[in-house]
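# Provide a 3D model corresponding to the input given below.
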Amino acid sequence: RSAAPPSLRAFKKSPPHLSPRLPFQPPFAAVDDAEKHAADTLAGRPTLAGIHAILQKFLMAQHRLNYLLADGHGAHGLKEVIRSYFDLAQIHVAPLEEAYRGRSVFPVREDGSLYMSLAAF
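Reported below is the predicted structural model:
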């Protein structure tokens, strides 16, 4: 007997948006075929791997920018530092926002179960 709720036992395999499976990862972990997964996600075929690849690329760019700023290169002053962050967000995160604005990225569950996103925390 399976411990999974009946709504999940109906799947013989993972729903398509959960493939490929990602192990638990730190935010800077690389994703195999990251560019392909990111492109597929931005083209309307979202996967967790694609979203992870997009956000990981953004975090790596932010990490590099932080080192440059700490070394005295680039922006000087609070407004310039904030502007640098928003410029990176515009490059890396805005395309994801634009691709899914006004609609759910993944199917909405209608099985009566509760789901809480860790991103909400």
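# Just give the nearest non-adjacent residue to the residue most central in space within the chain, would you?
Geometric centre of the chain, nearest residue: residue 51, 3.1 Å, by C-alpha atoms, centre = their mean. Among residues not flanking residue 51 along the chain, residue 41 sits closest, at 5.9 Å (C-beta to C-beta, 6 or more residues apart in numbering). The C-beta positions use only the backbone N, C-alpha and C, and glycine is treated the same way.
# what residues does the one helix or strand the one you found maps to touch?
Using DSSP states H and E, residue 41 falls within helix 34-42. Residues outside helix 34-42 that contact it (C-beta atoms under 8 Å, 6 or more residues apart in numbering): 31, 46-47, 49-54, 56-57, 95-96, 99.
# how much does the longest helix along the chain deviate in direction from helix 34-42?
Looking across the chain with DSSP state H, the single longest helix is helix 48-70. Interaxial angle of helix 48-70 relative to helix 34-42 (axes from the mean of the first three to the mean of the last three C-alpha atoms, to 10 degrees): 110 degrees.
# For this protein, which residues score under the pLDDT cut-off?
Within the chain, the set of residues satisfying pLDDT under 70 comprises 1-15, 17, 22-28, 75, 113-121.
# All the helices of it, in order from the start?
Using DSSP H, helices in the chain cover 6-9, 34-42, 48-70, 78-92, 94-100.
# if I look at the residue nearest to residue 93 when sequence neighbours are not counted, how far off is residue 52?
Nearest residue to residue 93, sequence neighbours excluded (C-beta to C-beta, 6+ apart): residue 58, at 5.6 Å. Using C-beta to C-beta, to the nearest Å, residue 58 is found at 11 Å from residue 52.
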